[in-house]
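Show me how the following folds:
(2 chains)
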Amino acid sequence: MEFFLEGLAQVANVSTILWMITGSILGIVLGALPGLSATMGIALMMPISFQLPTATGIGLLLAVYCGAVSGASIPAILLGIPGNPNAIATIEDGLLMTKNGQAGQALGGATIASFIGGIGSLIFLVLFAPLIARLTLAFGPAEKTTLALVGLVIIASVSGTNIWKGLLMGAFGMGLAFLGTDPFSGQLRIPFANQLATTPLSKGLDLTSTLIGLFGISQVFIELRKRQERAQKIEPVKIEKVFPPLKKLLQMWKVILSSLGIGTVVGAIPGTGASIAVFMAYNSAKTIVDSSGGKLEPLGTGSLVGVIAPEVANNAVTGGALIPALALGIPGDAATAVLIGALMIKGVTPGFHLFATNMPLVYAIFITMFLANIFMLLFQLMGIRLYPKILNVPQQVLLPLILILSFIGAYAIAGQATSVGIYNLGIALVMGLIGYALKQDDYPIAPIVLGLILGGMFEENFRRAVKLAGGNYWVFFTKPICLFFMALSVLSIVLPLLSKKRKR
Amino acid sequence: MFRKHKPVPLAFMGLSVLYFFYVVSLGSSKMIGDELGGDPGGMLLPLVLSIFMFLASTYLMITDTKKRGDQTVTFGPDERRLFSLTFLMAIAYVLAMRSVGFVLSTAVLSFTLTFFYLRGTVRLQDLKAWAIGSLLSTAFLLALYTLARILTRFLLIGGRTGQVPPWMGSNGFVIGTALLLVTILYLPVAILGTKRMKALPSESSVRDVFVSLLVSVATTELLYLIFRQLFLVELVRGLVAW
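Numbering: from 1, shown residues only, chains lettered A, B, ... in the order given. Predicted coordinates:
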């Protein structure tokens, strides 16, 4: 209780509330704009969060996260274009509802469903994250090495269409993490070390600038290329009744519970993410509707169930993804990977250490997550007639804004050190161009982030483990927990390859 | 020879070879205090990584080739020009930031990109409008910036010396007042200008200049207020030294 009150004290101030409201509205807007993802929103807000107290900064990022995941349903329902892949499954019934003159109910239903998903998964987060974190007490350097490996391999193997692309990107990310100074000997590990020894590059790549480049600047170039496709004008949609009938919602309790479970569990598995959860929830809803004896409208006919199921699931992913992120330091998806990055920049390392030494901050994170969902519900419902107009904001105005915000964000993270800021601008630009080239060829970006975040942890623990074992590399195959993680790593590579072969 | 192959695996093959030789040239550095041995050294993991990257990129180069009928996003001449403009402007922004300063370089970057994106392409006949618009936008921004700076200084110094009550010299009040002043001066221009612009045809370059000016001034001033005045980030002053 004492920790909870201390956590509450970190959050219960005007500054946190105002920043979270800003984050929530910004998240909804970002989510609603096709092509702009929650991850990009979080990456762009990282420099601002860095300037704020830790709980306030994390609250801002969580508000953007929850808002963006939910906001993606707006264009999916009104236009049939998902704001980001999280809302793909909402399109079919959502668009039909709009065509049937029920756009308001679809948007309102989606918002309420997102809220239920977010709050439901938060309960799981509060219950399970401390328990899982406690398990890591038994982890030594060898276990931590294999844990980092399993996180990296899973995300690399499931993100994107080609496992090798994912693995290559993971390795690239680790390579980037190794740049800088050797953590044990202090030796410089950068090309042109003599020339760059006195520059900020000697400390390695700045994480925030790298993330801003990979997610923000690269997206500007991608959208520029797609300019012609986005030239459509949005027809005004009449929005009347916003709240779906309560009776109708109560009839869907089975659908809601199953979607909540699916979203949370899928979110908690590293690398999977909302785009998988929404289809699983949609399919599960189909089965429940079929066995309802006609009580629920069949899916694919403009049914509210077809909007509720995926929207509960995609916001349930937010809480689910935070479970491994906070408890183990292994992010559930790209967005939580960036969130971990934000925590690490603040000097907070997720895992048991966080739960053992900074429980008030853990509670503050839980409380801000709760508030993020409340604000998302309030501001999405309040702006339900306004947000469709945002879809008309021309990309010609939006893209320069994103580019400038990316640059200033990368620069500002250096604070008072202007020369570091200039280097950060360069890093962000170079990473933006690399991100653009990779995205063009369908290379997933999430494994790079994971490699960057876990690379340091992997190397430090690997060397410590081998040193403690007296140079014996078999240490990773003799301890049961290590063996379990190693087997998991191998399986997460072999299973997707086998299933691909079977499909052929 | 490489016509069928995609550029990314090739680039990674090259990168991994360079990385391999670089790591070997660095040598293996041992932990401080590793007299008893056991430390695998700093070379092992990067070396394994470079070999893995080489193998993975080689595999991808062989298997992930360009196929006939591959759907690629159209990259028309207008998009190509806008892409090149963005690329060059971004590089120029990074290089010019230190000498030109945050306010001017951000204003020019923002105005240029918004203007040409609104025009839909980069054409010689738009250059005159762009140049005049850039000057106007910079002048308007500098006017707002200067007035806000004068007000900020007056309040901060006045708060300390007792010319104004101390609470008026607090950071929150100063930012709020500066924002209010900028908004009061900005809004009439925006409202009156928008009314006038409605009479112009949608493809008019004057209209695009006006929209770009509004976007550029608002973006730069707001970012300045947030990052410099609220978060005290040291934004480079460059040519605007006051």
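
Can you give me the neighbour number for residue B:131?
Residue B:131 sits with 10 neighbouring residues when counted by other C-beta atoms under 10 Å in any protein chain shown. Just so you know, the C-beta spots here come from the backbone N, C-alpha and C atoms, and that holds for glycine as well.

what is the mean pLDDT for the helix or strand where it lies?
Element membership of residue B:131 [criterion: DSSP states H and E] is helix B:127-161. Helix B:127-161 carries an average pLDDT of 94.

need the next SSE after it, C-terminal direction.
Taking DSSP H and E, what comes next after helix B:127-161 is helix B:171-197.

Any buried residues in that following helix, and which?
Neighbour-count burial for helix B:171-197 flags B:173, B:174, B:175, B:177, B:178, B:179, B:181, B:182, B:185, B:186, B:197 (criterion: 16 or more other C-beta atoms under 10 Å in any protein chain shown).

residues touching the residue nearest to residue A:256 when sequence neighbours are not counted, list them.
Excluding the flanking residues, the one nearest residue A:256 by C-beta to C-beta, 6 or more residues apart in numbering or on different chains is residue A:312, at 5.5 Å. When contacts are counted by C-beta atoms under 8 Å, 6 or more residues apart in numbering or on different chains, residue A:312 is found next to A:113, A:114, A:116, A:117, A:120, A:255, A:256, A:259, A:260, A:263, A:281.

okay, now the fifth one: neighbour count?
Translated: residue A:120. Look at residue A:120: counted by other C-beta under 10 Å, it has 23 neighbours.

Show the contacting residues for it.
A:260, A:264, A:312, A:316, A:319.

Can you pull the phi/psi pair for residue A:259?
Phi and psi for residue A:259, reported as degrees, to the nearest 10, are phi -70, psi -40.

what about the spatially closest residue to residue A:350 that is not a sequence neighbour, how many residues close to it?
Nearest non-adjacent residue to residue A:350, counting by C-beta to C-beta, 6+ apart: residue A:329, 4.1 Å away. Applying other C-beta under 10 Å, we find 25 residues neighbouring residue A:329.

Test my guess that residue B:96 contacts residue B:105.
Yes: with contacts counted by C-beta atoms under 8 Å, residue B:96 reaches residue B:105, the gap being 5.1 Å.

neighbour-wise, which of those two wins?
residue B:105 (24 against 17).

wait, what's in contact with the more buried one?
B:93, B:96, B:97, B:238.

helices and strands of chain A: which one bottoms out on pLDDT?
helix A:387-390 (a mean of 76; mean pLDDT, DSSP states H and E).

Show me which residues of it are buried.
So for helix A:387-390, counting by 16+ other C-beta under 10 Å, buried means A:387, A:388, A:390.

Can you tell me how far the closest residue to residue B:115 other than its chain neighbours is from residue A:401?
Counting by C-beta to C-beta, 6+ apart, residue B:115 lies nearest to residue B:212, which is 4.0 Å off, once chain neighbours are set aside. Between residue B:212 and residue A:401 the computed distance is 12 Å (C-beta to C-beta, to the nearest Å).

higher neighbour count, these two?
In this view residue B:212 and residue A:401 are compared by other C-beta under 10 Å, and residue B:212 has more residues nearby, 29 against 18.

Could you report the separation of the more buried one from residue B:140?
Applying C-beta to C-beta to residue B:212 and residue B:140 gives a distance of 12 Å.
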